[in-house]
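In: Give me a model of this one.
(chains A and B)
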Amino acid sequence: MLRHPRRRLTVAIAALAASATLLSGCAGDGEAASSSSTNPVSGGVLKYRTTGANLSSTDPAIQTGYGPTVPIRSLVDSLVFQKEDGSFEPWLATEWTVDDRATRYEFTLRDDVTFSNGEALDAAAVKKSYDALRAQGAKYATANEWIGDLREITTPDPSTVVFDFDSPNSSFLQASSTTPLGIVAPETAALSYEKRQEGTTIIGSGPFVVSETRGEEGYVLERRDGYAWAPASAENQGEAYLDGIEVSTTPDNSIAAAQLRNGDIDLMHNTEPADKTEFSTNPDLTIRREPLPGAALGFVANPKQPGLDDETVRRALALAIDRKAVLQRASAIDVPATSVFAASNPFWSDQSDLITTDVDEAERLLDEAGWVKGGDGVREKDGERLSFDLIYSPSTISHEPNIAVVQAQWKDLGVELKFGSLTAAELNQRLVNGDYSFSWGSGTRPDIDVLRGNYGGLDPGLDQIFSAILAEPDQAARQELADQAARTILEKAFFIPLYDFIQPLAYRNTTHIPTLEASHIPLLSDAWVDPS
Amino acid sequence: MTTATAVPALVPSSPSRGDTVRTVARVVAGRLAHAATVVVAAYSASFFLLFVLPGDAVLARIGTTDTGGSADLSTVDLDSLRSEVGLNDSLGHQYWSGLTGLLHGDLGHSLINDRPVSALLGEALPNTLTLTGLSLLVSVPLGFLLALLAVVPRSRRIRSLAALVPSTYVSLPVFWIGVLFIYLFAITLGWFPSSGSQGAASIVLPTAVLALLGAAQFAQVLISGLRAEVGKTYAAVTAPAKGAGRTYTVLRHCVRNAAFPFLAVFGLRVGQLLAGTAVVEVVFSRNGIGRLMVESVRSVDLTVVLGLVVVLALVYVVINMVVDVGYAVLDPRTRRRAPARTPDRTPEVAS
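Out: As a prediction, the model looks like this:
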C-alpha cells in the first residue's frame, strides 16, 4: 500500500537531511533538519500505539498507566494543570487556596465550560465526578489512593468547590491535575461502574470525544467543536488541530517499532532497548530522551526478609553494583540514577554521592556481618543463605538483560539473585503477603508522594518524614523534606537504584507534540501531523 | 464419537412412522444428555482448576504498582471488593451459584470490569467465528489439492516435494509464522494491515496463517490414506484393467476411501483452531475469544473463563455431531437400517 510513496518519501527526507547538513554549515544550527513544518496544520488523524490491556475501556479513573493515559488525557480536563517544571497553573479552576495544614482546598471554577453532551461544568458537576470515584472504593484503587482521606466536598456556590480532608494531603493539588481525577459529566458520574467500562460512555469537557470503540483493539477519538478552555501553557488555546486520534495496540514492541518506521503509526509508547538505540539515530524519527518523572528504576528491598533486615547487608548489595556495566546492556539513551527520584521529577535533587560502587567495601561489610561463603559460593550465616528473589510484572521483562548483569555482579560477591515476571494477580498477592525479597521499583507520579507508595511502613523515621510531607503544602518546604526522604532511603539502602525510567514516546518527525504536562503526557489538542 | 446411535435419525427410511419418531426422540434426548454432561464436566473441571492459580481477580484488577506503590496495596480495602464480586463466598457456594446461573442462561459478570460475560462473548465471538470459518473453508480444498499433488503426478520429484511441504509447515510454531507474515506482507510489502480487525483486508493474514496450518494437517492424513488406497488391488489392478486413468481412479475411488481419517482430523482441527486463534489473535491484535481467554486467565477472571469454557464445550459437542453425520454420509456401512438409498455424494459435502 504505502510502499512506493514511502520510498519516495525516504529519498525526499534523505535529500532534505543532506541539504540541511549543508545549510547548517552556514547557519551553525542543525535544528532545521528535524522537522518539516513549524506552523501547526489543522486536520489529519494521529495514529497512536499504546501498551496495556483493557483498551475497551476509556474510563480515565482506571487507566493509570502512562501508555493508555496519553489519549484519555484529551477526553477530560482537570481542575489545575501541572506544567512540565512541576508548577501549577489554572485550568478548570481559575484560582485555588490551600490551608496551611493541607486539609482544605478551595477551587474557583471557570463559568464558561461545558461537557460534550451540553451539561455545564459547575461545582455540582465536580462534586459528582469525585463522589462517583469515592463510591466505588477499591475499584478505583489508585484514584482513591491519590484522593486520600477526604471527608467531604461542599459547593457553597456554583463556581466554588471545597474539599475537606480528615488528615493532611499536600499531594492533592498534584492529584487533582491528573487524568484519573479528570472531571466527567454528571451523566457519566451517574453511571454504574460496569457502564463506564463500555468504551463510549465517558463524557468529559476535553478537546476530543470518543467516537468509536473497537473493543480490546482500541478506539477512535474525534475533535470536539467549540473547545476553548485549554490551560495557559498550551500553544493552542482553541479547538484541537487534529481531526481525530486512532488508538491501537500491537502486543509486540518490535512489530510496533517496525510500524512506526513504516509510517503505519505516528506515535508510540514503549520501545525495546535495541529499537531505542536505533530510533535515536534514525533521521525520520524522534525518541524522547527524558526519563518519566517518577521514581528511578531499581530494586526495592523488603526489609522484613531474613538477610535484608540487616542494613549492612543492604548497603553491601548496593555498593556491589557497577551501574556502568548494567547500562551497557541497556539502550544508548538510558542514564544512571542520581537519586531515588528520576532526574525529571520536580522534586529531584542530585544525590549521586550516595549511589556509588565499591566492591571491596561490599565484601568487607558482608565479612564483618558474619556472612561467609559456603560450598556453592553463596554466603551463609546461621544456616541462612544470602539468596534473594526479585519479582515484577511482565512490563519489566525488557529490563531483564540489565537485571542479569546485577545477578552476575552479586554472584561474585557471594549473593544469589533469582528473578522472574509474574501476572498482576500473583505479583500483588506476593507484595501484599510480603512474600518477596526485592520488588522492581518504579512509579510515574511527578510528586514526592511517589516515595510513600513504595517505602511507607519500612522505617519510623521515614514515616515521620512522609507525614510531614503530607501536611506541608509549601513547595520549597516540601522540596527540603523530599531531599531528606530520598537521602534516608538511599543511606539505609531500602532502595538500590539502577537507572532512570526511560520508557518514552517515540514518533515520526511529521508528528508534533509541543506541550507536555509534568507527567510527560502530551496535550493532544496542541498536537498536529504534517499533511502527507 | 458414538456413531451408531446418531445414524438412524439421519436417514429416515425405517418401516413405520411411529418407530421413526420414537427413535428420533431417543437419539435427540441421548445427544442432549451427552451435551449437558460434557458442558457440566468442562465447567466443573475448569472451576476447580482455576482456584489453583495464584492470586485472584481482585488482586489483578487493582493494577500494578507503577502508579500506586507496593505499600499502597496494604491500604486498599480488597475485602469489601471481594465480597461485592462474590469471591468471599465458600467455594461450594460459588460453584453452585455459577452452575444454577448457567441453567438460567446467566453467565454472570466479569470480575475485572463488571461487564456481563454474555456481552463480552457477544463482542468477541463473531470475529473468531469469521476467522475460524474462513480458514476452514480455505484449508479443506487446499489440503485436498496438496494431497492430490503428492499422489497423482507421475513425476516422483513433484510427488515427494508436495509431500514435504505439509510436514514442514506443521512443524513451525504458529506464533513465529504470524510474526513472519506480519514482517513480510504487512511491514515490508505493505499489502495488508498488520493488526486489528478493521476492514476486510485485515482478515487475510490471520486467515492465511491458520488455513495453511489446517491444510497442511489435512494433507498429511490424506496423503498417507491415498498412498495406501492407491496400492490396493481395486486401484492398482482392477481400475487400470478396466481402462481407468490414474487421475480418474484416485479422484473417483481412492479419495472417498481415504477421507475417513480426514474426517477424524477435521473434528480435531476445529478444536485446535480455537486454541490456535488464541495465538493468532494475540499476534495480530484482534478481538476474539482466544485473546479474551488468554487475558481472562491471566487476570484470574473466573466468570469470563468459565463462560468461554461453556461456549467452547458446546462448540465441541456440535462439531462431534457434524463429524458423526459426515461418517454416515460417507460410509453406507455405518447406516445400519438404511440400505435403501445410497447418496452419491463426494466427500467434500461433509465439510
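In: residues in contact with stretch A:129-144?
Out: For stretch A:129-144, contacts defined as C-beta atoms under 8 Å, 6 or more residues apart in numbering or on different chains pick out A:61-62, A:64, A:147, A:150, A:153, A:163, A:180-181, A:183-186, A:188-190, A:193, B:58, B:61-63, B:67-68, B:72, B:76-78, B:80-81, B:114. The C-beta positions use only the backbone N, C-alpha and C, and glycine is treated the same way.
In: So which of those residues sit within helices?
Out: Secondary structure from DSSP state H places A:147, A:186, A:188, A:189, A:193, B:58, B:61, B:72, B:78, B:80, B:81 of these in helices.
In: are any of the contacts of stretch A:129-144 buried, and which?
Out: Neighbour counting with 16 or more other C-beta atoms under 10 Å in any protein chain shown marks A:61-62, A:64, A:147, A:150, A:153, A:163, A:180-181, A:183-186, A:188-189, A:193, B:58, B:61-63, B:67-68, B:72, B:76, B:78, B:81, B:114 as buried within those.
In: all strands of the stretch 251-400 of chain A, in order?
Out: For the stretch 251-400 of chain A, the strands defined by DSSP state E, counting those that start in this stretch occupy A:267-269, A:285-287, A:297-301, A:372-373, A:379-381, A:384-385, A:387-392.
In: Tell me, how many residues neighbour residue 280?
Out: No chain specified, so I'll use chain A. Using other C-beta atoms under 10 Å in any protein chain shown, residue A:280 is surrounded by 15 other residues.
In: Chain B is the one I meant
Out: By the measure other C-beta under 10 Å, the count of residues near residue B:280 is 28.
In: ok, it - contacts?
Out: Residue B:280 sits next to B:131, B:174, B:178, B:206, B:209, B:210, B:286, B:290 when contact means C-beta under 8 Å, 6+ apart.
In: Do I have it right that residue B:330 meets residue B:262?
Out: No. Residue B:330 lies out of contact with residue B:262 (C-beta atoms under 8 Å); the separation is 9.7 Å.
In: neighbour count winner among those two?
Out: When residue B:330 and residue B:262 are compared on other C-beta under 10 Å, the one with more neighbours turns out to be residue B:262, at 27 against 21.
In: any idea how far that one is from residue B:170?
Out: Look at residue B:262 and residue B:170: by C-beta to C-beta, to the nearest Å, they are 15 Å apart.
In: Over to residue A:178?
Out: Distance of residue A:178 to residue B:170, computed by C-beta to C-beta: 51 Å.
In: do residue A:379 as well
Out: Taking C-beta to C-beta as the measure, residue A:379 falls 50 Å from residue B:170.
In: swap in residue A:275?
Out: Taking C-beta to C-beta as the measure, residue A:275 falls 32 Å from residue B:170.
In: same thing with residue B:321?
Out: In terms of C-beta to C-beta, residue B:321 sits 27 Å off from residue B:170.
In: do residue B:90 as well
Out: For residue B:90 relative to residue B:170 (C-beta to C-beta), the value is 46 Å.
In: The two - which one has more neighbours?
Out: More crowded of residue B:90 and residue B:170, by other C-beta under 10 Å: residue B:170, with 14 against 8.
In: Might one say that residue A:313 is in contact with residue A:367?
Out: No. Checked against C-beta under 8 Å, the pair residue A:313 and residue A:367 is beyond contact range at 11.6 Å.
In: Look at the two and report which has more neighbours.
Out: Between residue A:313 and residue A:367, counting by other C-beta under 10 Å, residue A:313 is the more crowded of the two (25 against 14).
In: Flag every residue of the stretch 151-300 of chain B that's near chain A.
Out: Proximity of the stretch 151-300 of chain B to chain A (C-beta under 8 Å from any C-beta of the partner chain) is limited to residues B:179, B:182-183, B:186-187, B:189-191, B:193-198, B:282-283, B:285-287, B:291-292, B:295, B:298-300.
In: ok, for the spatially most central residue of chain B, nearest residue in space, not its chain neighbours?
Out: With distances taken as C-alpha atoms, centre = their mean, residue B:270 lies nearest the centre of chain B, 2.4 Å away. Counting by C-beta to C-beta, 6 or more residues apart in numbering or on different chains, the nearest residue to residue B:270 once its immediate chain neighbours are dropped is residue B:319, at 4.7 Å.
In: pretty sure that neighbour contacts residue B:272?
Out: No. Judged on C-beta under 8 Å, residue B:319 makes no contact with residue B:272 at a distance of 11.3 Å.
In: Pick out whichever of these two has more residues nearby.
Out: Counted by other C-beta under 10 Å, residue B:319 and residue B:272 do not tie: residue B:319 has more neighbours, with 18 against 15.
In: you'd agree residue A:516 is up against residue A:84?
Out: Yes. With contact defined as C-beta under 8 Å, residue A:516 reaches residue A:84; the gap is 5.2 Å.
In: beta partners of residue A:98?
Out: Residue A:98 has these beta-bridge partners by DSSP bridges: residue A:105.
In: so how far is residue B:286 from it?
Out: As judged by C-beta to C-beta, residue A:98 and residue B:286 stand 49 Å apart.
In: higher neighbour count, these two?
Out: Taking neighbours as other C-beta under 10 Å, residue A:98 and residue B:286 compare with residue B:286 leading, 27 against 18.
In: Name the nearest residue to the more buried one, ignoring sequence neighbours.
Out: Nearest residue to residue B:286 in three dimensions, chain neighbours excluded: residue B:197, at 4.6 Å (C-beta to C-beta, 6+ apart).
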